[in-house]
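Q: Provided below for reference: sequence and predicted model.
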Amino acid sequence: MHVGTATIFQNPAKSASDYRVYREELRLADLAEPLGFQSIWGVEHHFTDYTMCPDVLQFLTYMAGRTTYMKLGSMVCVLPWHDPMRVAEQVSMLDNLSDGRFILGVGRGLAKVEYDGFRVDMNESRTRFIESAECLLAGLESGFCEFDGEYIKQPRREIRPNPFRTFRDRTYAAAISPESSRIMAQLGVGMLVIPQKPWDEVERDLANYRTAWDESHQGTDNDSAPPAPVVACWTFCHEDADYARDMARRYIGGYWHTVMDHYQFKADHHKDIRGYEYYGKVAEKMIDYGDDEVVDFFVDLQVWGTPEQCYDKILQIRERTGHDTYVGAFSYAAMPYDMAESSMRLFAAEVMPELKALLPAVA
């Protein structure tokens, strides 16, 4: 199994200066390659303290220059907020700079505060995402972007520097709703799973995704099995099981509260936005269940405990998803940085070697 780590730059309630958060998060990021992690991932978010990484490709370019072999993953670049021609240039430039180490992750975005900030109508997001993804992905294979859609009007232009190898085996997309998983299959991209809903629902989505993949690509030059999913979890590792449980409830639970704030789930506006009806139903369930039950549910989905418990939990997730890449986020929700570093080091020393020794999963 491939094992990576994610850097998310959270600063809830301005617990420190943004500058200090960057210094500490980059310090932890610099530990990733020496500790043996095989990739580092960043996320794109804007305008709030939820994740202060407005340009994930810029962060990964910085890390490309500070590392030798680690792969560099976007988790994700939100396409409706960008010109796909510009993204194609940035992606190809990063891949050339890093000697082909980039893993492309794309997504549609969910936060109203971000859509409003970029003056993009959320009702247009699904069509904008599909058009942008088609333009971008085709461009990375052909070396030029050209598209005539409802929103994307791109005259033919060459991508320079030219992409020098295919992205078909290293492109993933985050998809939460069942409809999105089928779209990702039709686009020919892998699935990025960030646990947020019951595992039996995730299993059904992945089954539908694989069916849609077969239907969409049979007889094409992409007629092969889809790539194994990438799974990314909020992770806490400690020798003491009781302490690990308490810290997971405090900090992974604290992270969930930042999710609720950033995405404004309690405002219950998603049900009225085209393409986000699924999230409206999810928000209604959250309100019905109550904060404590929802927090406990989210915490239980993630990976925490002793090294043995963390390893066992990742194996359980693998049985459901068939993933061959695990990405752990170790610093979040204003967790003290010495605690995050200790968790990261223990996971690297005792869990990661066992994960790396696993043979590829069989879908």
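A: Yes, it's here.
Q: Sketch out the helices for the stretch 201-350 of the chain, chain order is fine.
A: Counting by DSSP state H, counting those that start in this stretch, the stretch 201-350 of the chain forms helices over residues 241-247, 253-263, 277-289, 291-301, 307-321, 337-346, given from the N-terminal end onward.
Q: Ok, which of the ones you listed comes nearest Ser39?
A: Across the helices of the stretch 201-350 of the chain, the minimum distance to Ser39, taken as Cβ to Cβ, is reached by helix 337-346, at 14.2 Å. Just so you know, the C-beta spots here come from the backbone N, C-alpha and C atoms, and that holds for glycine as well.
Q: pLDDT averaged over that closest one - what is it?
A: pLDDT averaged over helix 337-346 equals 98, rounded to a whole number.
Q: Give me the distance from it to the chain's centre.
A: Shown here is helix 337-346, whose average C-alpha point lies 21 Å from the average C-alpha point of the whole chain (Cα atoms, centre = their mean, to the nearest Å).
Q: returning to that earlier point: turn the helices of the stretch 201-350 of the chain into TSV, columns for distance to Leu192 and mean neighbour count.
A: Converted to TSV, the helices of the stretch 201-350 of the chain look like this (distance: least, Cβ to Cβ, whole Å; neighbours: other Cβ atoms under 10 Å):
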stretch	distance to Leu192	mean neighbour count
helix 241-247	26	15
helix 253-263	16	19
helix 277-289	17	15
helix 291-301	15	16
helix 307-321	11	18
helix 337-346	21	18
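Q: Mind putting the ones you listed into TSV with distance to Glu33?
A: Listed next are the helices of the stretch 201-350 of the chain as TSV, based on distance: least, Cβ to Cβ, whole Å:
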stretch	distance to Glu33
helix 241-247	26
helix 253-263	25
helix 277-289	36
helix 291-301	28
helix 307-321	21
helix 337-346	12
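Q: I'd like to know which of the ones you listed is closest to Val78.
A: With respect to Val78, and counting by Cβ to Cβ, the nearest of those is helix 253-263 at 13.1 Å.
Q: Compute the inter-axis angle for that closest one and helix 277-289.
A: Computed by axes from the mean of the first three to the mean of the last three Cα atoms, to 10 degrees, the angle separating helix 253-263 from helix 277-289 equals 130 degrees.
Q: to the chain's geometric centre, what's the distance from helix 253-263?
A: Its chain's C-alpha centre lies 16 Å from the corresponding centre of helix 253-263 when counted by Cα atoms, centre = their mean.
Q: Ranked by average pLDDT, which of the helices of the stretch 201-350 of the chain falls at the bottom?
A: For the helices of the stretch 201-350 of the chain, mean pLDDT drops lowest on helix 277-289, to a mean of 77.
Q: Only alpha carbons, please: show that one as PDB.
A: Included here for helix 277-289 are C-alpha records, laid out as PDB according to Å, rounded to 0.1, in the frame of the first residue of the first chain:
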ATOM      1  CA  GLU A 277     -30.000  18.100  -3.300                       C
ATOM      2  CA  TYR A 278     -28.200  15.200  -1.800                       C
ATOM      3  CA  TYR A 279     -26.400  17.400   0.600                       C
ATOM      4  CA  GLY A 280     -29.700  19.000   1.600                       C
ATOM      5  CA  LYS A 281     -30.900  15.600   2.700                       C
ATOM      6  CA  VAL A 282     -27.700  15.000   4.600                       C
ATOM      7  CA  ALA A 283     -28.100  18.400   6.400                       C
ATOM      8  CA  GLU A 284     -31.600  17.500   7.500                       C
ATOM      9  CA  LYS A 285     -30.400  14.200   8.900                       C
ATOM     10  CA  MET A 286     -27.600  16.000  10.800                       C
ATOM     11  CA  ILE A 287     -30.100  18.300  12.400                       C
ATOM     12  CA  ASP A 288     -32.400  15.400  13.300                       C
ATOM     13  CA  TYR A 289     -29.600  13.400  14.900                       C
END
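Q: and Cys53, that one's in a strand?
A: No - according to DSSP: H, G, I helix; E, B strand; the rest coil, the state of Cys53 is coil, so it is not within a strand.
Q: right, so of the helices of the stretch 201-350 of the chain, which gets closest to Cys53?
A: helix 253-263 (13.0 Å).
Q: Just the residues contacting the closest one, thanks.
A: Applying Cβ atoms under 8 Å, 6 or more residues apart in numbering, the external contacts of helix 253-263 come out as 10, 12, 45, 48-51, 110-113, 234, 265-266, 286, 294-296, 298-299, 332-334.
Q: buried subset of these?
A: Neighbour counting over the contacts of helix 253-263 (16 or more other Cβ atoms under 10 Å) leaves 10, 12, 45, 48-51, 110-112, 234, 265, 286, 294-295, 298-299, 332-334 as the buried ones.
Q: Asp169: which of the helices of the stretch 201-350 of the chain is closest?
A: Minimum separation from Asp169 across the helices of the stretch 201-350 of the chain (Cβ to Cβ) falls at helix 307-321, 18.0 Å.
Q: Now do the phi/psi pair for Val78.
A: phi -90, psi 100 (degrees, to the nearest 10).
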